[in-house]
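Trainee: Sequence first, then the predicted structure, then my questions.
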Amino acid sequence: MKPTGPIPPYFEAAADGQLLIGGTPAVELVAEAGGTPLFVYDNNIVGAQIAALKAAMPDGLAIYYSVSANPYEPLLNFLGRYVDGFRVVSRGELEHLKRAGLAGIGMTFAGPGKTDDELQAGIAAGATISVESEGEAARAVRAGERAGSRPKIAVRVNPPFSIDGRGLTLGARPTPFGVDAERVPALVQSLVEADVDWRGLHIFAAAQCLNDSALIEAHKAIIACAGEICTKLDLPLPELNLGGGFDVPCFAGERPIDLYRLANALHETVRDGPELLATTRLSLELGRWLVAECGVYLTRILDRTESCGETFLTTDGGGHHLLGATGCLLERGRGNFPLAVANRFGAPADEQVTVTGCLATPHDIFGDEVMLPRTQVGDLIAIFCAGAYGLSASPQEWESRPSAREMLV
């Protein structure tokens, strides 16, 4: 038997043992949607995450949602009521926001490889362009001239440190993301002289981290780095984008971030920070942490087979919809996402099975040797922590199979 990750604490069983999502039995949601595979997103969970973040973090901290995590437009529309803006990395993500009725909302446009058309579209949409190089900065200035508007530009910094699950490591790493810190003052000065609307710095040093201490060290180092750059410029900093990097527990043994410990440390770091940052607006860009736990992927068992003494449950879903929850990334030894039998959510686990997807690869495995209640063909498997990087990060054209349905409840 191999363990699964922890089911998020928001889910419970109805009196008849059915999994409830947003207060509605999963089987009813599948019927309403017209079948499986189906992603269901519970907006109450997203709202709770945002409320907890705002209650904990320093006053005035701006929250941007990273559209890459999940661009489902009804979800974007819901988020637009509660976040300060959105982070986009492509023209396609700008279009998602427009179709979600969010044209005109605050935006940052980040990421390397922006085309001239994307720069111009971002500027026309009022986004702050987070430039990743001197060359991109020059192209952004020219794009503003073509658009006939003063572009909003921030500079992404490649800081002289990096963060991983173990903590902070000194020394910059070569990367296409951002400008090396020692070159940033000259670039900012050139942008100010070009009369752009300089919006500050973007310094991101951690990715998908569950280590509170590492994130705390990252924030301290980011603020210190920004202070040094502003001291060389002798200019106050309009905004400092701290990036994100907050993860949620998906595998056995993982624990959630202690949000209040993280927030208290950020309070202290800001209080004791450089003088030139006294009026700086701080922002966070979060995707996975805001929406991962709101999502459940529902997939139906098509077949139950025995092989060499092991039981396999084959479902109609797979890595073409939720790649990160399968072994298709060749990370089978890493562990199993949290999963359950949706129509027997309250039942005890009494058999060991391996839950597979429908793809013609032995790596399409959702649950490797897991304990579940006795299941039959037609039962529903629920895979949790599926609200982020599902369809947006999966090869949907794999084997030319149909896309999954989605719904917001």
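Mentor: It's in.
Trainee: can you count the residues close to Gly200?
Mentor: Residues near Gly200, counting by other Cβ atoms under 10 Å, number 25. C-beta here means a position set from N, CA and C on the backbone, and glycine is covered the same way.
Trainee: If you could redo that for Leu215, that was the one I meant.
Mentor: 26.
Trainee: and it, what does it touch?
Mentor: 163, 206, 209, 245-246, 257, 262 (Cβ atoms under 8 Å, 6 or more residues apart in numbering).
Trainee: Serialize these to JSON lines and add fields for neighbour count.
Mentor: Below are those laid out as JSON lines (neighbours: other Cβ atoms under 10 Å):
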{"residue": "Ile163", "neighbour count": "24"}
{"residue": "Ala206", "neighbour count": "24"}
{"residue": "Cys209", "neighbour count": "19"}
{"residue": "Gly245", "neighbour count": "24"}
{"residue": "Phe246", "neighbour count": "26"}
{"residue": "Ile257", "neighbour count": "18"}
{"residue": "Leu262", "neighbour count": "19"}
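Trainee: quick one: which of those is nearest Trp289?
Mentor: Phe246 (3.7 Å; Cβ to Cβ).
Trainee: All the helices of this structure, in order from the start?
Mentor: For the chain, the helices defined by DSSP state H occupy 26-33, 43-56, 73-79, 91-99, 116-124, 134-147, 184-193, 212-233, 259-271, 288-291.
Trainee: Contact partners for Val270?
Mentor: 58, 223, 277, 282.
Trainee: Looking at these, which gets the smallest pLDDT?
Mentor: Lowest pLDDT within the contacts of Val270 is found at Pro58 (89).
Trainee: Which members of the contacts of Val270 are classed as buried?
Mentor: Buried members of the contacts of Val270, scored by 16 or more other Cβ atoms under 10 Å, are 223, 277, 282.
Trainee: Out of those, which comes closest to Ser90?
Mentor: Using Cβ to Cβ, these come closest to Ser90 at Leu282, 25.4 Å.
Trainee: now that closest one: how far from Gly200?
Mentor: 10 Å (Cβ to Cβ, to the nearest Å).
Trainee: got it, and Asp247?
Mentor: Per Cβ to Cβ, Asp247 is found 26 Å from Gly200.
Trainee: where does the stretch 301-409 of the chain dip in pLDDT?
Mentor: 329-334 (pLDDT under 70).
Trainee: Which stretches in it count as strands?
Mentor: 310-315, 339-341, 351-356, 365-372, 380-383, 405-408 (DSSP state E, counting those that start in this stretch).
Trainee: Based on its surroundings, how many neighbours for the closest residue in space to His320 that isn't next to it in sequence?
Mentor: Spatial nearest neighbour of His320, chain neighbours left out: Trp398 (4.1 Å); criterion: Cβ to Cβ, 6 or more residues apart in numbering. When neighbours are counted by other Cβ under 10 Å, Trp398 registers 17.
Trainee: Do I have it right that Trp398 meets Leu322?
Mentor: No: using Cβ atoms under 8 Å, Trp398 is not in contact with Leu322; the gap is 11.9 Å.
Trainee: Name the residues contacting each of those two.
Mentor: Counting by Cβ under 8 Å, 6+ apart, nothing touches both Trp398 and Leu322.
Trainee: Pull the contacting residues for Glu32.
Mentor: Going by Cβ under 8 Å, 6+ apart, the list of residues near Glu32 reads Met407.
Trainee: ah, wrong one, I meant Glu310
Mentor: Neighbours of Glu310 in contact, by Cβ under 8 Å, 6+ apart: 352, 354, 369.
Trainee: Excluding sequence neighbours, find me the nearest residue to the second one.
Mentor: Same thing as Thr354. Phe312 (5.2 Å).
Trainee: can you check the last one too?
Mentor: By the measure of Cβ to Cβ, 6+ apart, the closest residue to Glu369 outside its immediate chain neighbours is Lys2, 4.6 Å from it.
Trainee: what residues are up against the one you found?
Mentor: Taking Cβ under 8 Å, 6+ apart, one finds 335-336, 368-370 in contact with Lys2.
Trainee: will you turn the contacts of Leu215 into TSV that also has distance to Asp379?
Mentor: Formatted as TSV, the contacts of Leu215 follow (distance: Cβ to Cβ, whole Å):
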residue	distance to Asp379
Ile163	42
Ala206	39
Cys209	36
Gly245	37
Phe246	34
Ile257	33
Leu262	39
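Trainee: which among the residues you listed gets closest to Ile129?
Mentor: Nearest member of the contacts of Leu215 to Ile129, counting by Cβ to Cβ, is Gly245, at 21.6 Å.
Trainee: Would you agree that closest one is in contact with Cys209?
Mentor: Yes: using Cβ under 8 Å, Gly245 is in contact with Cys209, at 4.9 Å.
Trainee: Common neighbours of the two, please.
Mentor: With Cβ under 8 Å, 6+ apart as the test, Gly245 and Cys209 both reach 163, 215, 218.
Trainee: Can you give me the domain boundaries for the chain?
Mentor: 12-41+293-408, 43-292 (automatic domain parsing).
Trainee: In space, what's closest to Val141 - neighbours in sequence excluded?
Mentor: Going by Cβ to Cβ, 6+ apart, Val141 has Ala194 as its nearest residue, at 5.2 Å.
Trainee: pretty sure the one you found contacts Arg142?
Mentor: No: using Cβ under 8 Å, Ala194 is not in contact with Arg142, being 10.0 Å away.
Trainee: what about these two, which has more around it?
Mentor: Ala194 (18 against 15).
Trainee: okay, that one: pLDDT?
Mentor: For Ala194, the predicted pLDDT is 96.
Trainee: Now the phi/psi pair for it, please.
Mentor: For Ala194, the backbone dihedrals (degrees, to the nearest 10) come out as phi -80, psi 0.
Trainee: Roughly how far does it sit from Ala138?
Mentor: Distance from Ala194 to Ala138, by Cβ to Cβ: 9 Å.
Trainee: again, but for Leu380
Mentor: 54 Å.
Trainee: More neighbours: these two, which one.
Mentor: Neighbours were counted for Leu380 and for Ala138 using other Cβ under 10 Å; Leu380 has more, 24 against 15.
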